[in-house]
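Q: Sequence and computational prediction follow.
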Amino acid sequence: GAVVSQHPSWVICKSGTSVKIECRSLDFQATTMFWYRQFPKQSLMLMATSNEGSKATYEQGVEKDKFLINHASLTLSTLTVTSAHPEDSSFYICSGGSGRGRSSPLHFGNGTRLTVT
Amino acid sequence: GENVEQHPSTLSVQEGDSAVIKCTYSDSASNYFPWYKQELGKRPQLIIDIRSNVGEKKDQRIAVTLNKTAKHFSLHITETQPEDSAVYFCAAPNNNDMRFGAGTRLTVKP
């Protein structure tokens, strides 16, 4: 099946630093990449949707200047958490779609557990 | 946009019993409904999905039923086993993304 490789799987950083998370679609072209955040014991909350070659669409309440998303190619999307703070500590997970929109399954990366100290 | 509600939030069953998790959605145009299983610290795994042109789909011990009129769909797990213990999420399309239910923590007691 379709594989999305996400790195790093975990990261610990100091408050104020930036962290970049990469997601690569290995055997399909991810025209769309969804970035989700999951706090402990909670559901997956969509942060933003990115389409290859265009600006990401952010969900209400998600700061676009803090969570920078780049989707420069059909196989790579990155999320950069800038000036991270302890409240940004969470499980971040990407999911690639092959462009069929409303009726195709999502292929998830393994997730990145971010801890900001 | 799409609103997905999932019940119950927690479910505990004895090994061998059946488990049922229900979800409702708001957008009558939605036509694809997946179920994901997430083990602690891991990514969600697609376990079954259904499209709106059928009312039921089975895969061994797992089945999903869909009632388009009532806008709800359910996950049925029969002959539950301890390894079925996990958090289960339903989802429904919202424009080009997926909206997830709040999740159900299923515990299967041996």
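A: Now that the structure is in, tell me what you want to look at. Numbering: from 1, shown residues only, chains lettered A, B, ... in the order given.
Q: Please count neighbours and contacts with C-alpha atoms only from this point.
A: Will do.
Q: Which helix or strand contains the most centrally placed residue in chain A?
A: Nearest residue to the geometric centre of chain A (CA atoms, centre = their mean): A:Trp35, 3.4 Å. Taking DSSP states H and E as the definition, one finds A:Trp35 inside strand A:32-38.
Q: Give me the contacts around whatever helix or strand comes next after that strand.
A: Next along the chain after strand A:32-38, taking DSSP H and E as the criterion, comes strand A:45-51. Contacts to strand A:45-51, defined as CA atoms under 8 Å, 6 or more residues apart in numbering or on different chains, come from residues A:31-38, A:56-59, A:62, A:69-71, B:97, B:99-100.
Q: counting contacts, what elements does the helix or strand of chain A with the lowest mean pLDDT pack onto?
A: Within chain A, no helix or strand scores below strand A:107-108, which has a mean of 87 by mean pLDDT, DSSP states H and E. Helices and strands touching strand A:107-108, by 3 or more CA pairs under 8 Å, 6 or more residues apart in numbering or on different chains; DSSP states H and E, are strand A:90-97.
Q: mind listing what residue 14 touches?
A: Because you didn't say which chain, this covers chain A. Neighbouring residues of A:Lys14 by CA under 8 Å, 6+ apart: A:84-85, A:116-117.
Q: That was the other one, I meant chain B.
A: Listed by CA under 8 Å, 6+ apart, the contact partners of B:Gln14 are B:80, B:108-110.
Q: which stretches of chain B form strands?
A: In chain B, the segments counted as strands under DSSP state E are B:4-7, B:10-14, B:19-25, B:32-38, B:45-51, B:56-59, B:62-67, B:72-77, B:86-94, B:97-100, B:104-109.
Q: Give me the sheet partners of the last one and which way each runs.
A: Each strand that pairs with strand B:104-109, with its direction, by DSSP bridges: strand B:10-14 (parallel), strand B:86-94 (antiparallel).
Q: Looking at these, which one is packed in the most?
A: A comparison of the strands paired with strand B:104-109 by mean neighbour count, using mean count of other CA atoms under 10 Å in any protein chain shown, puts strand B:86-94 on top with a mean of 25.
Q: re earlier: can I assume the residue nearest to the centre of chain A is in contact with A:Gly97?
A: No: counting by CA atoms under 8 Å, A:Trp35 does not reach A:Gly97; the two are 11.3 Å apart.
Q: any low-confidence regions in chain A?
A: A:1, A:98-103 (pLDDT under 70).
Q: Close to chain B: what parts of it are there?
A: Proximity of chain A to chain B is confined to A:34, A:42-46, A:49, A:93, A:101-105, A:108-111 under the rule CA under 8 Å from any CA of the partner chain.
Q: let's go with 10 Å and repeat that
A: Taking CA under 10 Å from any CA of the partner chain as the measure of proximity, chain A contacts chain B at A:32-34, A:40-46, A:48-49, A:91-95, A:97, A:99-113.
Q: Which PyMOL command selects the buried ones in these?
A: Buried residues within the residues of chain A next to chain B, by 16 or more other CA atoms under 10 Å in any protein chain shown, are selected in PyMOL with:
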select buried, chain A and resi 32+33+34+43+44+45+46+48+49+91+92+93+94+95+97+101+102+103+104+105+106+107+108+109+110+111+112+113
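Q: now stretch A:9-25: how far from the chain's centre is it?
A: Offset of stretch A:9-25 from its chain centre (CA atoms, centre = their mean, to the nearest Å): 10 Å.
Q: Stretch A:47-56 now?
A: With CA atoms, centre = their mean, you get 10 Å for stretch A:47-56.
Q: Show me what counts as buried in stretch A:6-18.
A: Quick answer for stretch A:6-18 (16+ other CA under 10 Å): A:6-9, A:13, A:15.
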